[in-house]
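S.K.: when you get a sec, could you give me coordinates for this:
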Amino acid sequence: MSTLQTVVAFLAALTLLIFVHELGHYAVARWCDVKVLRFSIGFGRPLLRWRVGADRTEWTIAAIPLGGFVRMVDERDPECAPIAPEDLPRAFTRKTLAQRSAIVAAGPLANFLLAIVLYAGIGWVGAPEPVAVIDAPEAGTAAERAQLRAGDRLLEVDGAAVRSWNDARLKLLEPVIERRSAGLRVARDAGQAAATIDASGLPPEAAEGDFLRALGLRLAPGAVVIADVLEGSAAGRDGLRRGDEVRAVDGQAVRRATDVIERVRASAGRALAFTVMRGSDEISLGVTPDAVPAPEAGAGAAAVGRIGAALQDRIAMQTVRHGPLEALGAGVLQTWEMSLFSLRMIGKMLFGELSLRHLSGPVTIADLAGQSVRVGWIAYASFLALISISLGVLNLLPIPVLDGGHLVYYGLEAVRGRPLSERFMAITQKAGLALIMTMMVLALFNDITRLIGS
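M.R.: This is a model prediction of the structure:
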């Protein structure tokens, strides 16, 4: 079921992102009175096709869903020949330089617009996110050297406000990639404190893994809650109930579920005093763990304790919500920041400052689509926004065959005062296609490597 869910989520994401991108080209082409012959989602043999409008534009869904195109009347395209005399004024090549540039740029801009709408919608509805409260830093980490403490709540990173743990991760990624210090402001006790966390000591590949943990930053565990109680277990016999919040065991405060598990394992057959919150009441219970053979232990090994209760760390959450206008502004800002971040990542890979292992292909994207849709619609919408931004940025790169490459052609045409030669465009487009194919092969190789290594 999860595989089918992943495939459906991936295909739905691709279809939406391709449709929005091509719709941008189509809408501006129609606005500039260019005749559109075909609007295709996917390449190869059409699976569905229908014609719409006075121009009888053919809309198709094709077999290979890894892209799409809008075919306009174009004097350079042999598939458009012969062009009827009445259609010549409506040919793409007969339009002004500004009109052609607008048509080409509209696809990536539509992807950015989709990201803005998605981020704004999430911000308006409100998304539950972990509060950015940190646990005690491990010894020897950058967080410990910064004198951060358990219970500190991150408020700012380099002057930018932090509204959640996910927000903190995003804002600390750039300092980690650049291996530099970041200024922090935290809420502590009844006041605030400033700190500087230094990421220069992290290895270059730190950004590829859990870099927050590498810095010594861990999310505070929150309350330890009984998630379930097995029938006939020690927990059930001695009065523990689902939903109880465990505050202490034998008078020792517990901070995370592992604290309880370790004390239970070490107390086979010996009564433990549990202090729990049940609703608004604090209750004391005597719970005697059953003695059971230790997993993977040999004959004669000492028994371990088990109470038959599932425990969970209930992390403190908050709903991050904006008003309509504020949500729209936040959507624009987040799209802009993620676009710049994507460009910086691409630049660092080009200059060798960041591993090319960061390139991801369809397998990784499909996996992320499946994971996000299983979390919920907010996570899936965030995933769609991020991939839409990546698609927009990628298409604006100055590589022939991409939209950005065509915009470079038009820029050179504006400087020269006449169109570029067809031979020059053919040669550069072959080079651009070779580069794109190399990137796709590398991304697919990275996908397979991750799949084998997982």
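S.K.: break the chain down into its structural domains.
M.R.: By the assignment in automatic domain parsing, the chain contains the domains 1-32+96-126+321-454, 33-94, 127-220+315-320, 223-309.
S.K.: where do the helices sit along the stretch 151-300 of the chain?
M.R.: Counting by DSSP state H, counting those that start in this stretch, the stretch 151-300 of the chain has helices at residues 165-178, 211-215, 234-237, 257-265.
S.K.: so which of the ones you listed gets nearest Leu444?
M.R.: The closest of the helices of the stretch 151-300 of the chain to Leu444 is helix 165-178. By CB to CB, the value is 24.1 Å. No exception for glycine: its C-beta is placed from N, CA and C like everyone else's.
S.K.: return the distance of the closest one from the chain's centre.
M.R.: Once both centres are worked out by CA atoms, centre = their mean, to the nearest Å, helix 165-178 turns out to sit 13 Å from its chain's centre.
S.K.: tally of neighbours for the closest residue in space to Gly239 that isn't next to it in sequence?
M.R.: Nearest non-adjacent residue to Gly239, counting by CB to CB, 6 or more residues apart in numbering: Leu285, 4.9 Å away. Applying other CB atoms under 10 Å, we find 18 other residues in the vicinity of Leu285.
S.K.: check Val408 too.
M.R.: By other CB under 10 Å, 16 other residues sit near Val408.
S.K.: any idea how far the residue nearest to Gly239 lies from Asp250?
M.R.: Going from Leu285 to Asp250 by CB to CB, to the nearest Å gives 12 Å.
S.K.: sorry, back to before: surely the residue nearest to Gly239 touches Val276?
M.R.: Yes - under the criterion of CB atoms under 8 Å, Leu285 makes contact with Val276 at 6.5 Å.
S.K.: okay, and the common contacts of the two?
M.R.: Common neighbours of Leu285 and Val276, counting by CB atoms under 8 Å, 6 or more residues apart in numbering, are Leu240.
S.K.: check which helices and strands the least confident helix or strand in the chain by mean pLDDT sits against.
M.R.: When the helices and strands of the chain are scored by mean pLDDT, DSSP states H and E, strand 317-320 comes last with a mean of 78. Secondary-structure packing of strand 317-320 (3 or more CB pairs under 8 Å, 6 or more residues apart in numbering; DSSP states H and E): strand 127-130.
S.K.: which residues touch the strand it packs on?
M.R.: With contacts defined as CB under 8 Å, 6+ apart, strand 127-130 is touched by 163-167, 219, 315-321, 378, 382.
S.K.: next one: stretch 309-321
M.R.: With CB under 8 Å, 6+ apart as the test, stretch 309-321 has contacts from 123-131, 133, 163-164, 167, 219-230, 233, 235, 240, 245-246, 256-257, 260-261.
S.K.: isn't Leu148 right up against Glu138?
M.R.: No - between Leu148 and Glu138 there is no contact under CB under 8 Å: 11.1 Å.
S.K.: which neighbours do these two share?
M.R.: Counting by CB under 8 Å, 6+ apart, the common neighbours of Leu148 and Glu138 are Gly216.
S.K.: and those two? Which one has more around it.
M.R.: Ranked by neighbour count (other CB under 10 Å), Leu148 and Glu138 place Leu148 first, with 25 against 13.
S.K.: how close does the residue most central in space within the chain get to Ile122?
M.R.: Closest residue to the average C-alpha location of the chain: Phe383 at 4.8 Å, with CA atoms, centre = their mean. Separation of Phe383 from Ile122 (CB to CB): 11 Å.
S.K.: name the helix or strand for the residue nearest to Phe19 when sequence neighbours are not counted, please.
M.R.: Nearest non-adjacent residue to Phe19, counting by CB to CB, 6+ apart: Ile41, 5.8 Å away. Using DSSP states H and E, Ile41 maps to strand 36-52.
S.K.: what's that strand in contact with?
M.R.: 15, 18-19, 22, 26, 29-30, 55, 57-73, 80.
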